[in-house]
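*Asks:* sequence and predicted structure, then a few things I'm wondering about:
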Protein chains: 2
Amino acid sequence: MSDIKANPYSGSCPSRDLIAVIGDKWSLLIIPLLVNGRMRNSELLHAVDGISQKMLTQTLKQLEFYQLVQRTDYGEVPPRVDYQLTDLGRSLADILSPVDQWVVENFDKTRADPKSE
Amino acid sequence: MSDIKANPYSGSCPSRDLIAVIGDKWSLLIIPLLVNGRMRNSELLHAVDGISQKMLTQTLKQLEFYQLVQRTDYGEVPPRVDYQLTDLGRSLADILSPVDQWVVENFDKTRADPKSE
DNA sequence: TGAAGTACGCACCTTTTGGTAACTATGCTT
DNA sequence: AAGCATAGTTACCAAAAGGTGCGTACTTCA
């Protein structure tokens, strides 16, 4: 419906915020992880080595805000909550996963010194 | 040559730093910009609205460090310097440009409230 | 003579980020 | 009756990020 095109190259365009969220270090790891299915807080905490509870919660909240992730609270005790990608989130994951793959495949080249060739 | 696979999901893997650099808000804008050809400092400063000189220099330095961008100093006065993608950088740009495109195309959906459907 | 143009580096200072630890809720187990 | 498990939240604090303004070097043009 909106014909106004987002332009992240403009500082005042709100899409700049979205760029910051999906470009975030943790989002870049969490989103591709979730393509394998829903995950619980504790699972993510272990899968994403080094993330703190605080950052995990915060990141998931942002992703939820932008409709990329759906949070499901089962209302049980002890608490059970899990997270899954929305359709929108899945379409983004298709684009972000290659970024992770690129890093895995090319990381060594980013350090190769031209002199040693 | 290196058969050791990078794993950004491990906190101690140095590829985690690369994830942070290429996931950076500014890198995400600068790298796709450079596919159109080499650009000077002042051009980038205007093209990427809102970036400060400090952040631009800092970001370009990181990208240069990871062999993604090549800096050329023509040694002229007044100074003339420009930046272009390396082959490696170009291969990354092919993967990052879709991220920007996704944002432009889907930004409005990230705000759509399910209730209004 | 002196201001402009270019690509910075540097120092200073404010804002933001992110870690840690303590606290919450509640039903089940020991 | 006490403690555990889970998924948080909150407050506090240290560290890092990032903006602003000034300095630099050299040549050209008014």
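*Replies:* Thanks, I have the structure now.

*Asks:* quick check: residues of chain A near DNA strand C?
*Replies:* By Cβ under 7 Å from any atom of the strand, the residues of chain A that approach DNA strand C are A:25, A:50, A:51, A:52, A:53, A:54, A:55, A:58, A:77, A:78, A:79. C-beta here means a position set from N, CA and C on the backbone, and glycine is covered the same way.

*Asks:* give me the contact status of the biggest helix by length in chain A with chain B.
*Replies:* When chain A is parsed with DSSP state H, its longest helix is helix A:87-106. Yes. Residues of helix A:87-106 are located near chain B by Cβ under 8 Å from any Cβ of the partner chain, namely A:88, A:91, A:92, A:95, A:96, A:98, A:99, A:100, A:102, A:103, A:104, A:106.

*Asks:* my read: residue A:68 touches residue A:85, true?
*Replies:* Yes. Between residue A:68 and residue A:85 a contact is recorded at 6.8 Å, counting by Cβ atoms under 8 Å.

*Asks:* what sits in contact with each of those two?
*Replies:* With contacts defined as Cβ atoms under 8 Å, 6 or more residues apart in numbering or on different chains, the residues shared by residue A:68 and residue A:85 are residue A:31.

*Asks:* okay, those two: which has more neighbours?
*Replies:* Taking neighbours as other Cβ atoms under 10 Å in any protein chain shown, residue A:68 and residue A:85 compare with residue A:68 leading, 28 against 23.
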